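Participant: Whatever this is, show me its structure:
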Amino acid sequence: MRQDTKILVFGKDGQVGKAFQEQLTHHPNVTFIGRDECNLANADQIKATLQKHDPQIVINAAAYTAVDQAETEPDLAYQINGIAPSIMAQYITNVPNGQLIHYSTDYVFDGSKPTPYLEEDLTNPLGQYGKSKLAGEEAIQEAFINNLSNTAKYFILRTSWVYGDGGNFIKTILKLAAEREQLKVIVDQYGVPSSAQWLAEIALQLLSKDATGGIYHTVPDGETSWHGLATYAIRRAKNLGVTFKVAPEKIQAIPATDYPLPAPRPYNSKMSNQKLKDALHLSTLPNWEDQVSEYVKKIVSK
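Facilitator: Coordinates of the predicted model:
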């Protein structure tokens, strides 16, 4: 990536946004935007921010991610997850060779497919969060379809079970395991834990390799359940000397029906990453276990 390329990153305070701050430390023309600089529920502020910074690459690492709260705040979720990406896409289509990176989610699927989802599979979000994220995907695609003369392109990176510098499932489960003598974790919802650091790296690889734009399922290799992730993370931390009140093998596996939440979740969040491998000319990607192991080592050593 050229050093004179102007980059604008939305969502600097989130897990993926913080990862981009690490990845782009030495880039001289990158600006990171957080809630204090731009309210993504305000269309005028987004437009003004884009005009002010005039970027050639826009990275949208921001989102309304409160899955359950979205059930009672659908309009706000739609503003941030649907309308904001649309504005970014409309801007970038008018930038010669402009590029948009946008993160989406496994929640655009209903989870009824027994095998990993492909990029072209039919979407059918179950809750308001997934519906708002799908609206963002569709708005981006529509902006590019309506401006066929442009040389810009977009990358919609669907991912799942993200963890990084911030609150996430792994940190929560390690904390609870140290405080409680009994834990119950859902065993019948499946997906792929994805490192925020890796998600930022992959985005920059797609940009530097001049890959074909489009939707990419951006997850590591492998799959697990929430119960599998919990037990693995605790075992790794235990091997590093952390003391827990509950042993990994004593964590109770429960069905999702025993832990009802306001928003429905897909039972199958597994997504095939073959298209991503092809784009990057790779036969394999890192396994989720290796990435989680490194992450646990990092947070335990702090």
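Participant: And Asp4, how close does it get to Ala203?
Facilitator: Computed as CB to CB, to the nearest Å, the Asp4 to Ala203 distance reads 19 Å. Where you see a C-beta, it was placed from the backbone N, CA and C, and this is true even at glycine.
Participant: Comparing these two, which residue is more hemmed in?
Facilitator: The neighbour count for Asp4 versus Ala203, taken as other CB atoms under 10 Å, is higher for Ala203 (25 against 8).
Participant: Secondary structure element holding the more buried one?
Facilitator: Using DSSP states H and E, Ala203 sits in helix 196-208.
Participant: packing partners for that helix?
Facilitator: Packing partners of helix 196-208 (3 or more CB pairs under 8 Å, 6 or more residues apart in numbering; DSSP states H and E): helix 15-23, strand 99-105, strand 153-159, strand 162-163, helix 274-280.
Participant: Pass me the low-pLDDT residue ranges in the chain, would you?
Facilitator: Along the chain, segments meeting pLDDT under 70 span 1, 148-149.
Participant: Do you have the helices of it handy? List them.
Facilitator: With helices called from DSSP state H, the chain shows them at 15-23, 43-53, 74-78, 84-92, 128-145, 169-179, 196-208, 226-239, 274-280, 288-300.
Participant: Pick the most buried one from those helices.
Facilitator: Of all these, helix 84-92 carries the top mean neighbour count, a mean of 24, counting by mean count of other CB atoms under 10 Å.
Participant: orientation of that one relative to helix 128-145 in degrees?
Facilitator: Counting by axes from the mean of the first three to the mean of the last three CA atoms, to 10 degrees, helix 84-92 lies at 10 degrees to helix 128-145.
Participant: Residues contacting helix 84-92, please?
Facilitator: With contact meaning CB atoms under 8 Å, 6 or more residues apart in numbering, helix 84-92 is reached by 10, 40-41, 43, 46-47, 50, 58, 60, 62, 98-100, 102, 136-137, 139-140, 142-144, 152, 154.
Participant: try stretch 288-302
Facilitator: Residues outside stretch 288-302 that contact it (CB under 8 Å, 6+ apart) are 163-164, 170-171, 174, 192-195, 198, 219-224, 229, 232-233, 236-237, 240-242.
Participant: Show me the residue sitting in the middle of this structure in space.
Facilitator: With distances taken as CA atoms, centre = their mean, Thr159 lies nearest the centre of the chain, 4.7 Å away.
Participant: Report the contact partners of it.
Facilitator: For Thr159, the contacting residues are Tyr103, Ser104, Thr105, Asp106, Ser194, Leu199, His217, Thr218, Val219, by CB under 8 Å, 6+ apart.
Participant: Now the second one: closest residue in space that isn't a chain neighbour?
Facilitator: Meaning Ser104. Arg158 (4.5 Å; CB to CB, 6 or more residues apart in numbering).
Participant: same check, this time on the third one
Facilitator: Ranked by CB to CB, 6+ apart and with sequence neighbours excluded, the top spatial neighbour of Thr105 is Lys133, at 4.9 Å.
Participant: Give me the neighbour count for Lys302.
Facilitator: By other CB under 10 Å, the residues close to Lys302 number 4.
Participant: how close does it sit to Leu276?
Facilitator: Lys302 is 31 Å from Leu276, by CB to CB.
Participant: One more: Tyr129?
Facilitator: Note on Tyr129: its distance to Leu276, by CB to CB, is 23 Å.
Participant: Same question for Tyr91.
Facilitator: For Tyr91, the distance to Leu276 (CB to CB) stands at 26 Å.
Participant: One more: Thr257?
Facilitator: From Thr257 over to Leu276 the distance is 33 Å, taken as CB to CB.
Participant: Is Ile57 bridged to anything, and to what?
Facilitator: Counting by DSSP bridges, Ile57 is bridged to Ile7, Gln99.
Participant: Number of residues surrounding it?
Facilitator: 23.
Participant: so it makes contact with Leu207?
Facilitator: Yes. Contact between Ile57 and Leu207 holds when scored by CB atoms under 8 Å: they sit 6.7 Å apart.
Participant: Between the two, which contacts overlap?
Facilitator: Common neighbours of Ile57 and Leu207 (criterion: CB under 8 Å, 6+ apart): Gln99, Ile101.
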